[in-house]
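J.: Below: sequence and its predicted model.
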Amino acid sequence: MTDLSKRSIVKMVALTAVAAAALVGCGKKEEAPKAEAPAAAPAKPEPLKIAFAYVGPVGDGGWTFAHDNGRKEIEKAFGDKVVTTFVEKVPESADAERVIRDMAAQGNKLIFGTTFGYMEPMLKVAADNKEVKFEHATGYKTAENMRTYDSRTYEGAYMAGVIAGKMTKTNTLGVVASIPIPEVVRNINSFTMGAQSVNPKIKTKVVWVNEWFNPPKETEAATSLINGGADVLMQNTDSSAVLQTAEKMGKRAFGWDSDMTAYGPKAHLGSAVINWGPYYVKAVGEALEGKWSTGQSWWGVKEGAIDMVNVAADVPEDTQKKIADIKAGLKDGSFSIWKGPIVDQAGKEVLAKDAVADDKFLGGVMFYVKGVEGKIPGK
């Protein structure tokens, strides 16, 4: 082989190697997998906006104070899932509709109206705001997006009556009454029946103030009852004025809706309290979970909504035991307050022997039972 031929072969091999290297260089390189960007956290849902309309001031020590404690229970239970607000001292008038309508306009999706007189205004606002859920306390009218709730305050009134019947020295009890509706009349009667269960000689006098919250009027009414011979007072009004008046005049009385012991410790025989917390937590939970629906609820001792608390130390032990037995019976359904025979103040039978009043009957009580003096306004 000539040198020329050898050089040609070497050159060809070299060119082939260069070409191969070029081909490798032009080939697709393996790339390291790129790190995926972290997934974006799901957007946090907006809190449920909840508003409360109160008929009295939150510091009334009674009805509105109890509702506001329930509102605080909502905040405690649900934290940042909810935002709650309230408007206090909203009268049962055209102002109620204005306030409730404004609550809906501000984006509240659950609105609680906490007094009987808000029923018609809430129905109007509910009809115009189908996306909002409305809850009305103590009423009886509902809508697709409005339901009612109430507490069996007559259970607390009955227990107060049992204590009053034992503690009275004059056998005359007094009630400062607010508005003449079945709720209030039912409480007056239950108080009287409780007292008569331990003292058949009991009679009950009533003074109506025609307002839920008016401390001067409540004071005047309590004074009148005491001057008329009543030595143990109950109320269906919202302030502590009745208990304070009893304290000043050396008589006995009860707290109502909230524990009022501190307002008249010497006069205080016990407080018939309402705990709205369990119902409010349930209602808000249903709204958050999309399970809310219209209807009616009426809760009492059984559901933890009603209790008699801080019974005075001088109440006899047998009476305190009777109160404990009543609570237990109401809780397990073995005891009924409204069980016949029951007669009205004219002696007419309104509930036959052994008959137990249903909620429809109780919701329409507009008569006094035997032992209650006077007339119901407007009757």
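T.: Great, that's in hand. Numbering: from 1, shown residues only.
J.: Skipping its backbone neighbours, what lies nearest residue 135 in space?
T.: Leaving out its chain neighbours, the residue that sits closest to residue 135 by C-beta to C-beta, 6 or more residues apart in numbering is residue 112, at 4.7 Å. In this view, the C-beta of every residue, glycine as well, is placed from N, C-alpha and C.
J.: what are the ranges of the strands in the stretch 51-200 of the chain?
T.: 82-87, 110-113, 133-137, 146-151, 172-177 (DSSP state E, counting those that start in this stretch).
J.: Tell me the helices and strands packed up against the shortest one.
T.: By that I understand strand 110-113. Judged by 3 or more C-beta pairs under 8 Å, 6 or more residues apart in numbering; DSSP states H and E, strand 110-113 is in contact with strand 48-53, helix 94-105, helix 119-128, strand 133-137, helix 277-288.
J.: so which of the ones you listed gets nearest residue 236?
T.: strand 133-137 (14.6 Å; C-beta to C-beta).
J.: contact partners of that closest one?
T.: Identification of contacts with strand 133-137 by C-beta atoms under 8 Å, 6 or more residues apart in numbering yields 67, 109-116, 118-119, 122, 125-126, 143, 145-150, 283, 287, 292.
J.: Mark which of those are buried, thanks.
T.: Buried subset of the contacts of strand 133-137 (neighbour count, 16 or more other C-beta atoms under 10 Å): 67, 109-116, 118-119, 122, 125-126, 145-150, 283, 287, 292.
J.: contacting residues around the residue nearest the centre of the chain?
T.: Centroid-nearest residue in the chain, with C-alpha atoms, centre = their mean: residue 276, separated by 3.0 Å. Going by C-beta under 8 Å, 6+ apart, residue 276 touches 66-67, 69-70, 73, 151, 305.
J.: Now those in a markdown table, please, with extra columns for pLDDT.
T.: Formatted as a markdown table, the contacts of residue 276 follow (pLDDT from 0 to 100):
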| residue | pLDDT |
| --- | --- |
| 66 | 98 |
| 67 | 98 |
| 69 | 98 |
| 70 | 98 |
| 73 | 98 |
| 151 | 98 |
| 305 | 98 |
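J.: can you map out the helices along this structure?
T.: Using DSSP state H, the helices found in the chain span residues 3-26, 63-78, 94-105, 119-128, 153-167, 182-196, 215-227, 241-248, 277-288, 317-332, 359-363.
J.: If you count contacts, what does the last one end up packed against?
T.: To tie it back to what came earlier, the one meant is helix 359-363. helix 182-196.
J.: looking just at contacts, which helices and strands does the helix it packs on meet?
T.: By 3+ C-beta pairs under 8 Å, 6+ apart, helix 182-196 packs against helix 153-167, strand 172-177, strand 203-208, helix 359-363.
J.: Nearest to residue 216, out of the ones you listed?
T.: Of the helices and strands packed on helix 182-196, nearest to residue 216 by C-beta to C-beta is strand 172-177, at 12.1 Å.
J.: what bits of the stretch 1-150 of the chain have low per-residue confidence?
T.: For the stretch 1-150 of the chain, the stretches flagged by pLDDT under 70 are 1-41.
J.: okay, now the domains of this protein?
T.: 48-152+277-302, 153-274+305-363 (automatic domain parsing).
J.: Can you get me the centre-to-centre distance for the last one and its chain?
T.: The offset between the C-alpha centroid of domain 153-274+305-363 and the centroid of the whole chain comes to 21 Å, using C-alpha atoms, centre = their mean, to the nearest Å.
J.: circling back: between the helices and strands packed on helix 182-196, which gets nearest to residue 254?
T.: helix 153-167 (4.8 Å).
J.: what about the closest one, average pLDDT?
T.: The pLDDT scores in helix 153-167 average 98.
J.: angle of it against strand 203-208?
T.: Angle, helix 153-167 to strand 203-208, by axes from the mean of the first three to the mean of the last three C-alpha atoms, to 10 degrees: 130 degrees.
J.: and the angle for helix 153-167 with helix 63-78?
T.: Going by the same axes, to 10 degrees, helix 153-167 makes 120 degrees with helix 63-78.
J.: elements contacting helix 153-167?
T.: strand 172-177, helix 182-196, strand 232-235, strand 252-257, strand 268-274, strand 306-309, helix 317-332.
J.: Redo the helices and strands packed on helix 182-196 as JSON lines? Include distance to residue 328.
T.: Output for the helices and strands packed on helix 182-196, formatted as JSON lines (distance: least, C-beta to C-beta, whole Å):
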{"stretch": "helix 153-167", "distance to residue 328": "12"}
{"stretch": "strand 172-177", "distance to residue 328": "25"}
{"stretch": "strand 203-208", "distance to residue 328": "26"}
{"stretch": "helix 359-363", "distance to residue 328": "21"}
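J.: nearest to residue 215, of these?
T.: strand 172-177 (10.9 Å).
J.: Now the closest one - C-alpha only, CSV.
T.: Below are the C-alpha coordinates for strand 172-177, written out as CSV (Å, rounded to 0.1, in the frame of the first residue of the first chain):
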residue,chain,number,x,y,z
THR,A,172,-99.9,36.9,97.9
LEU,A,173,-97.5,36.9,95.0
GLY,A,174,-96.9,39.7,92.5
VAL,A,175,-96.0,39.7,88.8
VAL,A,176,-94.7,42.7,86.8
ALA,A,177,-95.9,41.8,83.3
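J.: Next, the angle strand 203-208 makes with that strand.
T.: Using the same axes, to 10 degrees: strand 172-177 against strand 203-208 is 20 degrees.
J.: and the gap between the closest residue to residue 247 other than its chain neighbours and residue 211?
T.: Sequence neighbours aside, residue 264 is the residue nearest to residue 247 in space, at 3.5 Å (criterion: C-beta to C-beta, 6+ apart). Distance check for residue 264 against residue 211: by C-beta to C-beta, to the nearest Å, it reads 21 Å.
J.: Please say which of the two ends up with more neighbours.
T.: Set residue 264 next to residue 211 and count neighbours by other C-beta atoms under 10 Å: residue 264 wins out with 23 against 16.
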